[in-house]
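Novice: Got a sequence here, can you build the structure:
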Amino acid sequence: MTTHTANRPALPAGTVWPTPPGALHVRPLPRETAASYLTRLAAAYHLSAAHLLDGLHITATGTPTGPPATEIHLSPEATRRLSHFTRIPITHLTRALPQLRPPAPSLANTGAHGTATTRWHAFETALQPLPACTACTIRRSPHQAVPAWIHPAPDLPRIMICTRHQQAASDPRHPTPLDIRPVPELTRTHLRARRRPTATSLTWASTITTRWYDHHQHLHQRWHTRLDRLTAANPHIPPPGPASPTLTCRNLITYPETLTLAAALDRLPPRPHTRTQQSVFLHDLANRLNLPRLAPADHDLLWQRLTTR
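Specialist: So this is what the prediction gives:
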């Protein structure tokens with residue numbers, strides 16, 4: 001990443017010559033974190049993220065620990081330099097990397113540039129990204145495959161599912177995605193989920209199925225079988241302990257039923273519901289969940305959802 005300065009005219013004080021575009025084409029994944037993409041980009045040139053930023057004349061602050069624990073925010077000028085070096089248009093780069101901020105139109109039109117800075121910051125544990133599909137990452141990382149980290153889709157439970165390569169992730173404590181071929185219902189559910197549930201129904205459904213899962217209610221045997229298949233196919237899952245598979249795989253295991261419940265909640269008439277409406281809803285939901293019957297107790301969150309005014 002050396003810059004040749006011979007025979008160049010003098011530049012105004014405080015400015016630097018732009019780094020030439022890079023020779024390698026490293027593409028970002030959809031919803032990838034900026035820290036993940038910078039780490040993969042730097043690795044393609046056998047550099048650290050800090051050295052890459054220095055080579056692009058971008059000043060970094062904060063303490064980087066790398067993805068998934070930390071993210072990096074780039075100033076608009078830093079984003080412009082990254083776009084120039086990667087040969088990826090800013091609109092494409094900022095669409096794939098939601099943390100990037102494009103230069104303001106007023107500055108772009110006048111050719112004016114601000115200060116190229118970045119700031120590393122720590123993610124909250126609950127907001128940490130998930131490991132991306134390894135096969136998709138390899139296709140976008142020439143010469144050296146480095147794990148990528150992405151944010152889950154905002155309109156689905158907190159999971160990543162690649163139906164093409166049969167990989168999924170639901171917890172950042174898993175360093176790599178899981179092989180979900182032994183659990184084909186996860187892929188089928190994801191492919192059928194064309195109509196996304198509303199945020200309110202999804203929140204209710206996720207909370208309800210989480211409670212059912214934690215208290216071994218209604219679907220316990222089905223979910224236990226699903227967990228056994230996942231752990232058998234993925235020996236790298238952490239052993240029982242603070243990050244046991246029972247906890248880290250929960251969102252994946254309950255995913256089909258969570259979406260089924262969310263879709264059913266979306267079809268509910270406005271509250272309050274009559275006894276007949278409640279009975280019809282529970283009967284229909286039991287059929288959709290392949291249960292002989294569904295009779296939630298008074299303390300069941302599903303019943304509270306049906307009876308709350």
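Novice: what number of residues lie near Leu291?
Specialist: 15 (other C-beta atoms under 10 Å). (Each C-beta comes from the backbone N, C-alpha and C, glycine too.)
Novice: In terms of pLDDT, where does it sit?
Specialist: You'll see Leu291 listed with a pLDDT of 95.
Novice: Assign it to helix, strand or coil.
Specialist: coil (DSSP: H, G, I helix; E, B strand; the rest coil).
Novice: One more: Thr203?
Specialist: helix.
Novice: Any figure for the gap between it and Leu261?
Specialist: Distance, Thr203 to Leu261, by C-beta to C-beta, to the nearest Å: 11 Å.
Novice: Among those two, which residue is more densely surrounded?
Specialist: Between Thr203 and Leu261, Leu261 has the larger neighbour count (other C-beta under 10 Å), namely 25 against 14.
Novice: so what secondary structure elements neighbour whichever strand or helix holds the more buried one?
Specialist: Counting by DSSP states H and E, the element that carries Leu261 is helix 255-266. Secondary-structure packing of helix 255-266 (3 or more C-beta pairs under 8 Å, 6 or more residues apart in numbering; DSSP states H and E): helix 184-192, helix 199-214, helix 275-288.
Novice: Can you get me a residue count around the closest residue to Leu47 other than its chain neighbours?
Specialist: Using C-beta to C-beta, 6 or more residues apart in numbering and skipping the chain neighbours, the partner closest in space to Leu47 is Gly55 (7.3 Å). As a burial measure, Gly55 scores 17 neighbours (other C-beta under 10 Å).
Novice: Do you know the pLDDT at Gly55?
Specialist: pLDDT, read off for Gly55, is 92.
Novice: in stretch 148-166, what counts as buried?
Specialist: Along stretch 148-166, these residues count as buried under the neighbour rule (16 or more other C-beta atoms under 10 Å): 148-152, 156-162, 165-166.
Novice: now stretch 76-83
Specialist: In stretch 76-83, the ones that count as buried by 16+ other C-beta under 10 Å are Pro76, Glu77, Ala78, Thr79, Arg80, Arg81, Leu82, Ser83.
Novice: Which one of these is nearest to Arg305?
Specialist: Thr79 (43.3 Å; C-beta to C-beta).
Novice: can I assume that closest one is in contact with Leu93?
Specialist: Yes. Counting by C-beta atoms under 8 Å, Leu93 is a contact partner of Thr79 at 7.1 Å.
Novice: Deepest-packed of the helices and strands packed on helix 255-266, please.
Specialist: Ranked by mean neighbour count, the helices and strands packed on helix 255-266 are led by helix 199-214 with a mean of 19 (mean count of other C-beta atoms under 10 Å).
Novice: Quick one: closest of the helices and strands packed on helix 255-266 to Thr125.
Specialist: Using C-beta to C-beta, these put helix 199-214 closest to Thr125, at 16.6 Å.
Novice: helices and strands around the closest one, which ones?
Specialist: Counting by 3+ C-beta pairs under 8 Å, 6+ apart, helix 199-214 packs on helix 220-233, helix 250-253, helix 255-266, helix 301-307.
Novice: could those go into a markdown table alongside mean pLDDT and distance to Gly114?
Specialist: Formatted as a markdown table, the helices and strands packed on helix 199-214 follow (pLDDT from 0 to 100; distance: least, C-beta to C-beta, whole Å):
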| stretch | mean pLDDT | distance to Gly114 |
| --- | --- | --- |
| helix 220-233 | 96 | 48 |
| helix 250-253 | 95 | 40 |
| helix 255-266 | 95 | 43 |
| helix 301-307 | 91 | 49 |
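Novice: Let me have these in JSON lines, extended by distance to Pro184.
Specialist: Shown next, in JSON lines, are those (distance: least, C-beta to C-beta, whole Å):
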{"stretch": "helix 220-233", "distance to Pro184": "10"}
{"stretch": "helix 250-253", "distance to Pro184": "13"}
{"stretch": "helix 255-266", "distance to Pro184": "11"}
{"stretch": "helix 301-307", "distance to Pro184": "27"}
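Novice: Quick one: residues contacting His190.
Specialist: Ile161, Thr163, Tyr255 (C-beta atoms under 8 Å, 6 or more residues apart in numbering).
Novice: do the same with Ala263
Specialist: Contacts of Ala263 (C-beta under 8 Å, 6+ apart): Arg195, Pro197, Ser201.
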